[in-house]
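> Make a model of this:
(one chain, ligands or ions: 1)
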Amino acid sequence: MNKKKRLNEIYKRLFSYFGRQYWWPGNSKFEIVLGAILTQNTNWINVEKAINNLKKGKALSAKKVFDMPIDKLALMIKPAGYFNLKAKRLKNFINLLFAEYAGRLSALFNQDLTALRQSLLSVNGIGEETADSIILYAAGLPVFVVDAYTKRVFSRHKFIAHSASYAETQKFFMENLSGNVRMFNEFHALIVRLGKEFCLKNKPRCGLCPIRRKV
Ligand code: SF4
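Have a look, this model is predicted:
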């Protein structure tokens, strides 16, 4: 079986084993963007606590975050960890949104994928994984999100080199999957699930893994 077929087979196996993942959690595009920035270096439970603080404080909008003093914002998102740094990152993003897009996510997202990616990457504190998560899950445009789990699983199975860069890994997926938002959405979420439950860093649970022997 060639790499393309094997990759698509893995997707099917993961989907049939884990089912639909319903990513990205969030009731609005703005909440998804916030979550993508806040989830850096922490787990989702902590992000949810931070977002709930903003909800309780009726501050879950671009304008509210724009108007809020940075120290107050940092306190509200404290559960997400690195809260001073993350407050700065949120402010950097919001400042771009108001400076260039009249504070409207719809205006930011109303550009082609390459231009949107460049805009997001111009924000201090938004790297490739965060930018692509925003593009895929909030803007709904077809880009494949790469994370540490993706590199671990697919280098272990020799689809990519252990030293593969973000761009090289992404290129591999984009070239070998049909450019379909729904599949990119689901596949990334399934890989995260696989990495958390089976493809552990030190002791992968290959004997129980849903893709074992078939890849
Ligand atoms: S747990 Fe083993 S079989 Fe499963 S993805 Fe990781 S290396 Fe592959």
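
> and the lowest-mean-pLDDT helix or strand in the chain, does that touch the ligand?
Least confident element among the helices and strands of the chain, by mean pLDDT, DSSP states H and E: helix 3-18 (a mean of 94). No: looking at helix 3-18 against the ligand by C-beta under 6 Å from any ligand atom, there are no contacts, and the closest approach is 8.4 Å. For every residue, glycine as well, the C-beta is placed using N, CA and C.

> Quick check: which helices or strands does that helix pack against?
If you count contacts as 3 or more C-beta pairs under 8 Å, 6 or more residues apart in numbering; DSSP states H and E, helix 3-18 packs onto helix 166-176, helix 181-197.

> Same list, those helices, but as CSV with distance to residue 56 and mean neighbour count please.
Output for the helices and strands packed on helix 3-18, formatted as CSV (distance: least, C-beta to C-beta, whole Å; neighbours: other C-beta atoms under 10 Å):
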stretch, distance to residue 56, mean neighbour count
helix 166-176, 36, 16
helix 181-197, 27, 19
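
> Where does the residue positioned nearest the centre of the chain sit, in terms of helix or strand?
In the chain, the centroid-proximal residue (C-alpha atoms, centre = their mean) is residue 133; its distance is 3.3 Å. Residue 133 belongs to helix 128-133 when elements are defined using DSSP states H and E.

> quick check: domain ranges of the chain?
Following the assignment in automatic domain parsing, the chain carries domains at 3-22+144-208, 29-138.

> how far out from the middle of the chain is the longest one?
This means domain 29-138. For domain 29-138, the distance between its averaged C-alpha position and the chain's averaged C-alpha position is 12 Å (C-alpha atoms, centre = their mean, to the nearest Å).

> What is the neighbour count of residue 8?
As a burial measure, the neighbour count of residue 8 was computed by other C-beta atoms under 10 Å and equals 16.

> And residue 213, what's its pLDDT?
pLDDT for residue 213: 57.

> now do residue 175
On the pLDDT scale, residue 175 is placed at 94.

> any idea how far it is from residue 210?
The spacing between residue 175 and residue 210, counted by C-beta to C-beta, to the nearest Å, is 24 Å.

> cool, and residue 109?
34 Å.

> any idea which of the domains of the chain is most buried?
Relative to the other members of the domains of the chain, domain 29-138 carries the highest mean neighbour count by mean count of other C-beta atoms under 10 Å, namely a mean of 17.

> what about it, start to end distance?
Looking at domain 29-138, the gap from its leading to its trailing residue is 5 Å under the measure C-alpha to C-alpha, to the nearest Å.

> now residue 154, nearest residue through space, not along the chain?
Leaving aside its sequence neighbours, residue 154 sits nearest to residue 160 (C-beta to C-beta, 6 or more residues apart in numbering; 5.1 Å).

> hang on, the earlier thing: check contacts around the residue nearest to the centre of the chain.
With C-beta atoms under 8 Å, 6 or more residues apart in numbering as the criterion, the residues that contact residue 133 are 24, 36, 145.

> Tell me the one of those nearest residue 187?
For those, the minimum distance to residue 187 (C-beta to C-beta) is 9.1 Å, reached by residue 145.

> Tell me the spacing between residue 193 and residue 15.
Following C-beta to C-beta, the distance that separates residue 193 from residue 15 is 11 Å.

> residue boundaries of the helices in the protein?
For the chain, helices defined by DSSP state H occupy the ranges 3-18, 29-38, 44-56, 62-67, 70-76, 83-101, 105-109, 113-121, 128-133, 148-156, 166-176, 181-197.

> Right, I'll leave it there.
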